[in-house]
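K.L.:
Provided below are the primary sequence and the corresponding predicted coordinates.
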Amino acid sequence: MSTYIALLRAVNVGGSGKLPMAELKAMCEDQGFAQVQTYIASGNVVFRTDQTAPQIQAALARRLALYAGKPVGVLVRTAQEMAEVLAANPFPQAPGNRTVAIFLDAPPPADTLEQIRGQADEQLQLGAREIYVAYGPDMGRSRLKIPAAEQGTARNMNTVAKLVAMAAAM
């Protein structure tokens, strides 16, 4: 069995996509996943399974669409891939709560950085299937728009570190 981390998009954020984490855990257990653990209410789940990442993604997306009545984005990483995301953080000196990895299904397009709008004091760098953003002190007022990130989901580095630790403990 391998350890995976699933990240749900737009769950329990800004009053949309209400999904109790107990319900998410039950959905994962119903799919046959083992040692299921959720972390904070924004749609993070760590588990073990023999299924592949595409199988996990498809199964959870189907189940969540039935629950929510609309598509819910699901991004899946192995424990190793998530550890690599954390290790590759190009902004290790920036506060973990103001530095995010935006997780994508595929590598970001080559022109991603040229397509950005509204950039002020944010720093950006492309990863393997992520876009890293280090926000400045005015993070709450950022007007940053990243077209390539529209179907992705962001997690700050503190959350990424916690998910890596949870996966390692399995």
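P.N.:
Everything's here; your move.

K.L.:
Please count neighbours and contacts with C-alpha atoms only from this point.
P.N.:
Fine.

K.L.:
could you pull out the helices for the chain?
P.N.:
Using DSSP state H, the helices found in the chain span residues 21-30, 53-68, 79-87, 157-168.

K.L.:
how much space between residue 60 and residue 6?
P.N.:
Computed as Cα to Cα, to the nearest Å, the residue 60 to residue 6 distance reads 9 Å.

K.L.:
And for residue 34?
P.N.:
13 Å.

K.L.:
now swap in residue 46 and tell me
P.N.:
Residue 46 is 7 Å from residue 6, by Cα to Cα.

K.L.:
picking up where we left off before, touching both of residue 60 and residue 6, which residues are there?
P.N.:
Shared contacts of residue 60 and residue 6, defined by Cα atoms under 8 Å, 6 or more residues apart in numbering, comprise residue 74.

K.L.:
so what's the most far-flung residue of the chain relative to its centre scoring on pLDDT?
P.N.:
Distance from the centre of the chain peaks at residue 120, with 23.8 Å (Cα atoms, centre = their mean). We have a pLDDT of 93 for residue 120.

K.L.:
again, but for residue 134
P.N.:
97.

K.L.:
Surely it and residue 93 touch.
P.N.:
No: counting by Cα atoms under 8 Å, residue 134 stays clear of residue 93, with 9.7 Å between them.

K.L.:
Let me have the helices of the chain in TSV, adding mean pLDDT and mean neighbour count as columns.
P.N.:
TSV is the format used below for the helices of the chain (pLDDT from 0 to 100; neighbours: other Cα atoms under 10 Å):
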stretch	mean pLDDT	mean neighbour count
helix 21-30	93	16
helix 53-68	93	16
helix 79-87	98	18
helix 157-168	98	19
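
K.L.:
now residue 21: how far from residue 47?
P.N.:
On the measure of Cα to Cα, residue 21 and residue 47 end up 14 Å apart.

K.L.:
quick one, what contacts the spatially closest residue to residue 73 that is not a sequence neighbour?
P.N.:
Among residues not flanking residue 73 along the chain, residue 9 sits closest, at 4.8 Å (Cα to Cα, 6 or more residues apart in numbering). The neighbourhood of residue 9, defined by Cα under 8 Å, 6+ apart, consists of 43, 72, 73, 74, 75, 152, 153.

K.L.:
Let me know the distance separating residue 9 from residue 170.
P.N.:
Distance from residue 9 to residue 170, by Cα to Cα: 24 Å.

K.L.:
what's the answer for residue 164, then?
P.N.:
Taking Cα to Cα, one finds residue 164 at 10 Å from residue 170.

K.L.:
Can you list the buried residues in stretch 134-146?
P.N.:
For stretch 134-146, a neighbour-count test (16 or more other Cα atoms under 10 Å) marks 134, 135, 136, 144, 146 as buried.
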